[in-house]
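**Q** Got a sequence here, can you build the structure:
(one chain, ligands or ions: 1)
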Amino acid sequence: MNRESLKEQLERLAAPMALGWAEEKGRVRCVACGHRCLIPDGHAGICKVRFNRGGVLYGPRGYVAGLQDDPIEKKPFFHAVPGTRALSFGMLGCDFHCGYCQNWVTSQALRDDAALASARPISAEEIVVHAKAMGALTVTSTYNEPLITSEWAVEVFKLARNAGLVTSFVSNGNNTEEAIAYLRPHLDLYKIDLKGFDDRRYRTLGGTLQNVLDGIERVFKAGLWLEIVTLIVPGFNDSDAELRGMAGFLAELSSDIPWHVTAFHPDYRMLDNGQTPARTLLRAYEIGKAAGLRYIYPGNLPGRVGDTESTHCPHCNALLVERVGFAVQGYHLQGDRCPQCQATIPGFWHRAETLPRLQRSAFSSVRRVAF
Ligand code: SF4
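**A** Just a heads-up that it's a prediction; the model follows:
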């Protein structure tokens with residue numbers, strides 16, 4: 001579908017949004033993300049999916065661009081219900097425009113004619129029915145930036161929670177106080193991409209470093225279960241200084257925040273930077289440890305980073321959750337405690353009734369949902 005007809009389709013699916021208000025001269029202020037766009041009548045915000053129609057803020061709902069049943073480790077969450085499945089729904093558009101986006105076909109669909117994505121109408125009830133039918137324990141808003149459709153996510157999450165499911169966001173962290181207050185009652189898990197520690201480079205992606213750091217702090221202080229991912233891109237954010245900056249910031253907030261340092265492969269508009277070698281991930285691991293972080297997970301190179309993909313007790317080094325890639329191969333926690341030294345391990349671990357599910361779903365494949 002071309003950009004114009006996609007835009008028209010999303011406008012037909014639009015409804016008034018809660019995260020904003022009317023300002024003078026017919027303008028509206030959107031506060032769903034850190035851009036806090038002031039939008040004149042007849043125009044859209046930076047994300048291109050939220051717009052002002054007659055002095056009212058509108059945004060799309062009631063559709064998905066992708067619906068897929070993934071291992072929760074793929075989000076990635078390693079300290080949240082390991083070995084279970086997450087029904088993942090993605091929308092269109094983004095408030096950033098990262099040159100190495102691995103989901104650019106949907107995230108940049110409103111900006112780039114080469115991104116040929118489409119919107120498929122679906123109700124919140126149907127998403128929850130799919131999640132239950134597929135044996136998923138979590139429903140996740142992911143693939144594009146979920147903040148820009150926070151109201152739709154809450155619509156889905158309310159029903160998901162009622163059905164006994166866990167809810168999660170996979171986000172760039174460019175959030176606002178208002179968005180976190182709005183999401184908090186309906187959300188359990190929040191993953192943030194920390195893309196570097198250099199404001200000048202952050203601005204080339206469409207954001208600012210400070211708002212993402214503030215966003216991480218907001219999520220942590222709101223008490224949501226938080227994990228951080230840094231996709232390490234050679235020549236972009238892989239210097240010791242930059243890795244130390246990120247690790248130091250996280251450790252100061254809490255040494256218990258898991259930090260995933262994952263390997264890049266050339267994608268979208270960043271085709272000249274080579275793949276991230278395993279030794280760079282292991283260097284990031286050592287830098288994270290030296291900064292005081294307890295849980296650092298090199299990712300995207302399964303089997304090539306020693307036993308760092310697994311979770312060990314930081315006190316006695318007992319093996320707690322054994323992983324290769326997205327596959328959980330052993331689970332030894334007792335509740336939230338190390339079975340050997342009884343230390344409490346931070347996380348959003350299994351409720352007792354979900355444990356049998358682990359046995360059924362300890363595989364790493366991805367299943368697309370036909371609907
Ligand atoms: S979601 Fe962000 S980019 Fe989109 S209109 Fe709102 S403030 Fe602007």
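**Q** Convert the C-alpha atoms of stretch 309-329 to CSV, please.
**A** The C-alpha trace of stretch 309-329 is given here as CSV (Å, rounded to 0.1, in the frame of the first residue of the first chain):
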residue,chain,number,x,y,z
GLU,A,309,23.6,-15.9,28.0
SER,A,310,22.5,-17.6,31.3
THR,A,311,21.5,-16.1,34.6
HIS,A,312,23.8,-16.8,37.5
CYS,A,313,23.4,-15.9,41.2
PRO,A,314,25.5,-12.8,41.8
HIS,A,315,26.3,-14.0,45.3
CYS,A,316,27.3,-17.7,44.9
ASN,A,317,27.4,-18.0,41.1
ALA,A,318,24.8,-20.9,41.0
LEU,A,319,23.2,-21.4,37.6
LEU,A,320,19.6,-20.1,37.8
VAL,A,321,18.2,-19.8,34.2
GLU,A,322,20.1,-21.6,31.5
ARG,A,323,19.7,-20.2,28.0
VAL,A,324,21.1,-20.4,24.5
GLY,A,325,19.7,-17.7,22.3
PHE,A,326,16.0,-17.4,23.0
ALA,A,327,15.7,-21.0,24.2
VAL,A,328,15.5,-21.6,28.0
GLN,A,329,17.1,-25.0,28.7
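**Q** now it: mean pLDDT?
**A** Regarding stretch 309-329, the rounded mean pLDDT is 96.
**Q** do stretch 184-204 as well
**A** Mean predicted lDDT for stretch 184-204 stands at 97.
**Q** Quick one: residues contacting Lys289.
**A** Shown in contact with Lys289 (Cβ atoms under 8 Å, 6 or more residues apart in numbering): Ile296. Placement of C-beta: from N, CA and C, glycine included.
**Q** Tell me the pLDDT of whatever residue of the chain ends up closest to the ligand.
**A** The chain approaches the ligand most closely through Gly45 (2.1 Å), counting by Cβ to the nearest ligand atom. The model reports Gly45 with a pLDDT of 96.
**Q** Would you list the phi and psi of the residue nearest to it when sequence neighbours are not counted?
**A** In space, and not counting its chain neighbours, Gly45 is closest to Cys37: 3.6 Å by Cβ to Cβ, 6 or more residues apart in numbering. Phi and psi for Cys37, reported as degrees, to the nearest 10, are phi -60, psi 140.
**Q** so Cys37 makes contact with Ile46?
**A** Yes: with contact defined as Cβ atoms under 8 Å, Cys37 counts as touching Ile46 (5.8 Å).
**Q** higher neighbour count, those two?
**A** It is Cys37, of Cys37 and Ile46, that has more neighbours when counted by other Cβ atoms under 10 Å, with 22 against 19.
**Q** Now do the same contact list for the more buried one.
**A** With contact taken as Cβ under 8 Å, 6+ apart, Cys37 is in contact with Arg29, Cys30, Gly45, Ile46, Arg50.
**Q** If you count neighbours, what's buried in the strand or helix carrying Leu282?
**A** According to DSSP states H and E, Leu282 maps onto helix 278-291. By neighbour count on 16 or more other Cβ atoms under 10 Å, the buried set for helix 278-291 is Ala278, Thr280, Leu281, Leu282, Arg283, Ala284, Tyr285, Ile287, Gly288, Lys289, Ala291.
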